[in-house]
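> Coordinates for the following, if possible.
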Amino acid sequence: GEEVTLYQDAHVPDGCLPALTLDNRMHYNHGQCWHDIMDAISQARRLIYITGWSFYHKVRLVRDAGYASDCTLEDLLKSKLQESVRVLLLVWDDPTSRNILGYNTDELMATHDESTFF
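You can find the predicted model right below:
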């Protein structure tokens with residue numbers, strides 16, 4: 001089903017945010033965006049669709065000390081391709097980043113679009 005998860009921040013270590021009790025006396029569970037993204041991609045069986053302003057394939061989603069995985073987003077997506085999961089990326093084409101006659105212009109917006117695809 002459809003679900004939206006709101007995050008205080010992309011990553012906040014455990015214990016840094018206050019405990020919140022909701023109106024129905026339920027305890028609010030602060031999510032961890034990067035862990036959740038890593039888990040969602042790892043558990044995908046049919047389709048991974050990523051769209052966004054900036055996509056950097058060499059990022060490590062989870063960088064916590066003691067975390068078992070040290071793979072990059074690129075490694076994770078390649079492993080899902082090996083499992084026959086369809087991976088689709090819709091990435092912004094930054095107009096300030098160009099490759100003209102072999103010379104790369106600087107990416108003013110740092111979206112990593114040239115390094116991701118070329």
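> any idea how far residue 77 lies from residue 46?
14 Å (Cβ to Cβ, to the nearest Å). The C-beta positions use only the backbone N, C-alpha and C, and glycine is treated the same way.
> Among those two, which residue is more densely surrounded?
Comparing residue 77 with residue 46 by other Cβ atoms under 10 Å, the one with more neighbours is residue 77, at 19 against 7.
> How about that one, nearest residue that isn't a chain neighbour?
residue 87 (5.2 Å; Cβ to Cβ, 6 or more residues apart in numbering).
> Show me what the one you found is bridged to.
residue 48 (DSSP bridges).
> Could you grab the helix/strand/coil label for the nearest residue to residue 72 once chain neighbours are set aside?
Closest residue to residue 72 apart from its sequence neighbours, by Cβ to Cβ, 6+ apart: residue 58 at 5.2 Å. Secondary structure assignment for residue 58 (DSSP: H, G, I helix; E, B strand; the rest coil): coil.
> Distance-wise, check residue 58 relative to residue 73.
In terms of Cβ to Cβ, residue 58 sits 7 Å off from residue 73.
> same check, this time on residue 27
Distance, residue 27 to residue 73, by Cβ to Cβ: 31 Å.
> Show me the helices in the chain, by range?
For the chain, helices defined by DSSP state H occupy the ranges 33-43, 73-82, 113-117.
> how about CSV for those helices, with mean pLDDT and distance to residue 17 added?
What follows is the helices of the chain, written out as CSV (pLDDT from 0 to 100; distance: least, Cβ to Cβ, whole Å):
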stretch, mean pLDDT, distance to residue 17
helix 33-43, 91, 13
helix 73-82, 95, 25
helix 113-117, 65, 32
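> All set, thanks.
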